[in-house]
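Trainee: what follows is a predicted structure for the sequence shown.
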Amino acid sequence: MNNARQVLVKNGVHIGTQRKVADMKKFIFKIREDGLAVLNVQDSIDRIRDAARLIAKYPAEEVLVVSSRDQAQNAAKKFSGLTGVSYMPGRFMPGTMTNPNLEYFTEPSILIASDPYGDRQAIKEAVSKGIPVISLASTNNTLENVDLVIPSNNKGRRSLGAVFWLLTNYVLYERGELKESQETDVSVEEFIGNIKDEQE
């Protein structure tokens, strides 16, 4: 993925928030004049790559991606469709991973979340079951119960699309389904989806 940095920067993956919590300070490259934190893009690329290596170790059906945040749902759905992992959009119902009597009960081996706060119920249940957690996180997110963080703008649709697009490519590469110089036929724009009603 020779153009990984270009794709992430173009889509604002490195743009954090004005709030900067201790957990995320090591990923901050600089603070802009307007107070927004700028994330180190190389850290994002390295962590996406690390996440892909971890995800590729599990059968696709044992991987679960969740996204309570609307802006993440199209990207997470594309990621799920191309990699074969399970996907649960919207509000995560309590007991999904802890109550076998529920019809939607599931027992993943690893969880991917788009936001540590918005997806906190899923993360809480994963931790209670000893399931490792990968999560995207911006500069305002605490990382309690997150095993592997992907530092990124996890608020904007463009950024989320770019992160999940790159993660898809790396997962497919780690599985041997793509060569290093190849990328999926599905474009970054398709992961981003319709942004006309969203201000980023």
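Mentor: Arrived safely.

Trainee: for stretch 178-185, how far is the first residue from the last?
Mentor: With C-alpha to C-alpha, to the nearest Å applied, stretch 178-185 spans 11 Å between its terminal residues.

Trainee: tell me the confidence at K196?
Mentor: Looking at K196, its pLDDT reads 55.

Trainee: make 43 the starting number, not 1.
Mentor: In the new count, where the first residue is 43, that last one comes out as K238.

Trainee: need the longest helix for this structure.
Mentor: If you go by DSSP state H, the chain has its longest helix at helix 199-216.

Trainee: mind listing the helices for the chain?
Mentor: Going by DSSP H, the chain shows helices at 46-52, 83-97, 112-125, 162-170, 199-216, 230-234.

Trainee: show me the contacts for the closest residue to T59 other than its chain neighbours.
Mentor: Distance criterion C-beta to C-beta, 6 or more residues apart in numbering; nearest residue to T59, sequence neighbours excluded, is N182 at 4.5 Å. In this view, the C-beta of every residue, glycine as well, is placed from N, C-alpha and C. Neighbouring residues of N182 by C-beta atoms under 8 Å, 6 or more residues apart in numbering: G58, T59, R61, K62, V63, M66.

Trainee: what is the nearest of those residues to S86?
Mentor: Nearest to S86 among these is G58, at 10.9 Å by C-beta to C-beta.

Trainee: what is the burial count for the closest one?
Mentor: Using other C-beta atoms under 10 Å, G58 is surrounded by 28 other residues.

Trainee: what about it, distance to D76?
Mentor: 12 Å (C-beta to C-beta, to the nearest Å).

Trainee: ok, now K120?
Mentor: On the measure of C-beta to C-beta, K120 and D76 end up 32 Å apart.

Trainee: between these two, who's got more neighbours?
Mentor: More neighbours surround K120 than the other of K120 and D76, with 22 against 6 (other C-beta under 10 Å).

Trainee: tell me the pLDDT of that one.
Mentor: Reported pLDDT for K120: 97.

Trainee: same thing with the one 10 residues further on?
Mentor: The predicted local confidence for M130 comes out at a pLDDT of 96.

Trainee: what number of residues are in the vicinity of the closest residue to it other than its chain neighbours?
Mentor: Excluding the flanking residues, the one nearest M130 by C-beta to C-beta, 6+ apart is V108, at 5.0 Å. V108 has 29 neighbouring residues, counting by other C-beta under 10 Å.

Trainee: in this protein, which ranges drop under the pLDDT threshold?
Mentor: 43, 237-242 (pLDDT under 70).

Trainee: the residue of the chain positioned farthest from its centre and R133: what is the separation?
Mentor: Distance from the C-alpha centroid of the chain, by C-alpha atoms, centre = their mean, peaks at N143 (29.1 Å). Between N143 and R133 the computed distance is 19 Å (C-beta to C-beta).
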